[in-house]
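Novice: turn this into a structure:
(one chain, ligands or ions: 1)
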Amino acid sequence: MSEAQWTAHEAVQRLTSGDIGSVELIDALITRIESEDERVNAYVHLDADAARAQAQDVDERRQRGDTLGPLAGVPIAIKDVMCVRGGRTTCGSRILADYVAPYDATAVAKLRAADAVLLGKTNMDEFAMGSSNENSHFGPARNPRDLDRVPGGSSGGSAAAVAADTAIAALGSDTGGSVRQPAGYCGIVGLKPTYGRVSRYGLVAFASSLDQIGPLTKDVEDAALLLGVISGHDASDATSADVEVPDYCQKLRAGVEGLTIGLPEQFFGEGLDAETAAAIEATASRLESAGAKLQNVSLPVAGHAEYCIGAYYVVATAEASANLSRYDGVRFGYRSGEASDLQQMYHQSRSEGFGDEVKRRIMLGTYVLSAGYYDAYYLKAQKVRTLIREDFSRAFTDCDLLLGPVSPTTAFCLGDKIDDPLQMYLNDIYTVTANLAGLPGVSVPVATAQNGLPIGAQLLAPAFAEETLLRAAHHIEQTA
Ligand code: GLN
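Specialist: This is a model prediction of the structure:
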């Protein structure tokens, strides 16, 4: 097995034992990126010299016998929605194509403090809006399992890089499924933590009440390892939670005996591909044989596609329309050279700087917040959001975890849905609810479909129950 295929925990072990140096590991990844990424397009920016310099520094400190962080020398890719000091942070958009971040996002700073090596910035749907990575100003990333297929989105580049072995692990962001769905499509693990678990400081905002940073990794142990590094309270993010960070790796192997796992009946209804349904059911049976108790549960609102997709696309676009008002050609990014007065400068900069999907969402979000429509749409969506939360609270009085699909089908072909936004939105049916309720969720590969593509299962847990989530995910992974 080549170095590029290692998991993070394996790389840590090899680096610690002296089998390999970090510079050597970085070079192996850079060589692989050079041979693979032209086809996959997972990276928008690679700073090989900076990565080598960081690796060199880790190697030197290791040689001196210094105490090193838990990810010392491990190359990690970062979705281009997180600020990395001194490098470009484009959000997959023309409007930020030349924006250089003056500071590190907290999650990135925590990776640095853990002595990880920052490998490069990954491709994504513009401002994290999309489910296929086709909305990127830098061209779509492709699914390494089948290059005619999408890798999912919006963290498509991060998922594709991990699946193509061009990153050992990566960070993504999940506003409505953008870590879990691409992980599912690419056959890797994707974890969306509880809202507030990971600081959003330095994460370019899409929908602030839904956004959360999470790891995309080759296995569950890596997800636990990275989560432990990036979690924790941060005074720079008022919504970050002051909740102790456990050692997420400690109970990974505790098994599932005694856990009650709920199967929401609405997650197995119309629209779910039969092969995916069978793979999830088989996963449930394996959990049962290992001592978990299965229980049918009902999520009348949270399992109802129309309510969830409707509420999500109202709340997310409303918040996006406010968050994206800062890109005005004055303070950030691209400014049109065409304009003759201020009003026209705003108009032209935004018209030329944003892509179609982002414009669609800004218009939708502005509409649902405008006088006369606010009560009918925005306020209504907030009420639905409360009902979704209540659905989950009820389910979690009886169950430790919920199990279901990540997406209705395996990865679709490039071009299949891009001209039909509603079809694209419906693809998020199983993922948006965790964000609306602020709950943690993980996507784990459980089977391979007849078309050769991976099928993922999704586990959901109560807020801050990531330990239980990871423990069950680990069991699923080991028995898949
Ligand atoms: N696909 C969803 C959307 O387009 C989710 C995106 C995300 O989680 N960033 O909004």
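
Novice: please tell me how far the strand or helix carrying R350 is from the chain's geometric centre.
Specialist: Counting by DSSP states H and E, the element that carries R350 is helix 342-353. Helix 342-353 sits 31 Å away from the centroid of its parent chain (C-alpha atoms, centre = their mean, to the nearest Å).

Novice: next: stretch 215-227.
Specialist: 12 Å.

Novice: repeat for stretch 121-135
Specialist: So, by C-alpha atoms, centre = their mean, the centroid of stretch 121-135 is 11 Å from its chain's centroid.

Novice: what do you get for stretch 314-328?
Specialist: On C-alpha atoms, centre = their mean, the centre of stretch 314-328 falls 20 Å from that of its chain.

Novice: send the alpha carbons of it over as CSV?
Specialist: C-alpha atoms of stretch 314-328 as CSV (Å, rounded to 0.1, in the frame of the first residue of the first chain):
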residue,chain,number,x,y,z
VAL,A,314,-36.1,29.3,3.2
VAL,A,315,-33.9,29.6,6.3
ALA,A,316,-30.6,29.0,4.4
THR,A,317,-31.3,31.4,1.6
ALA,A,318,-32.6,34.1,4.0
GLU,A,319,-29.4,33.9,6.0
ALA,A,320,-27.3,33.7,2.8
SER,A,321,-28.9,36.9,1.4
ALA,A,322,-27.8,38.8,4.5
ASN,A,323,-24.4,37.2,4.7
LEU,A,324,-23.5,37.7,1.1
SER,A,325,-24.4,41.4,1.2
ARG,A,326,-20.8,42.1,2.2
TYR,A,327,-19.5,41.3,-1.3
ASP,A,328,-20.2,44.7,-2.7
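
Novice: buried ones in that stretch?
Specialist: Judged by neighbour count using 16 or more other C-beta atoms under 10 Å, the buried positions of stretch 314-328 are 314-324, 327-328. Quick note: C-beta positions are derived from backbone N, CA and C, even for glycine.

Novice: which residues does stretch 63-71 contact?
Specialist: 8, 12, 58, 61-62, 111, 113-116, 225-226, 228-229 (C-beta atoms under 8 Å, 6 or more residues apart in numbering).

Novice: can I get it as CSV, trimmed to CA atoms?
Specialist: Extracted as CSV, the C-alpha positions of stretch 63-71 are listed here (Å, rounded to 0.1, in the frame of the first residue of the first chain):
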residue,chain,number,x,y,z
GLN,A,63,14.6,14.8,15.5
ARG,A,64,15.3,17.1,18.4
GLY,A,65,12.9,15.0,20.6
ASP,A,66,10.3,17.8,21.0
THR,A,67,6.8,16.9,22.1
LEU,A,68,4.6,17.0,18.9
GLY,A,69,0.9,17.4,18.4
PRO,A,70,-1.5,14.5,17.7
LEU,A,71,-1.4,15.0,13.9
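
Novice: what mean pLDDT does that stretch get?
Specialist: In this model, stretch 63-71 has a mean pLDDT of 97.

Novice: quick revisit: packing partners of the helix holding R350?
Specialist: In this structure, helix 342-353 packs against no helix or strand, with contacts taken as 3 or more C-beta pairs under 8 Å, 6 or more residues apart in numbering; DSSP states H and E.

Novice: convert that helix to CSV, retaining C-alpha atoms only.
Specialist: Extracted in CSV, the C-alpha atoms of helix 342-353 (Å, rounded to 0.1, in the frame of the first residue of the first chain):
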residue,chain,number,x,y,z
LEU,A,342,-21.5,53.7,-7.1
GLN,A,343,-24.9,52.1,-7.5
GLN,A,344,-23.8,50.6,-10.8
MET,A,345,-20.5,49.5,-9.3
TYR,A,346,-22.4,47.4,-6.7
HIS,A,347,-24.7,46.0,-9.4
GLN,A,348,-22.0,45.1,-11.9
SER,A,349,-19.6,43.7,-9.3
ARG,A,350,-22.2,41.4,-7.9
SER,A,351,-23.7,40.5,-11.3
GLU,A,352,-20.3,39.6,-12.7
GLY,A,353,-18.8,38.1,-9.5
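
Novice: got the contact list for the following helix or strand past that helix?
Specialist: Counting by DSSP H and E, the next helix or strand C-terminal to helix 342-353 is helix 356-369. Helix 356-369 is contacted by residues 93, 125-127, 129-130, 135, 313-314, 316-322, 324, 351, 354, 373-374, 377-378, 381, 421 when judged by C-beta under 8 Å, 6+ apart.

Novice: now helix 356-369, how far from the chain's geometric center?
Specialist: How far helix 356-369 lies from its chain's middle: 22 Å, per C-alpha atoms, centre = their mean.
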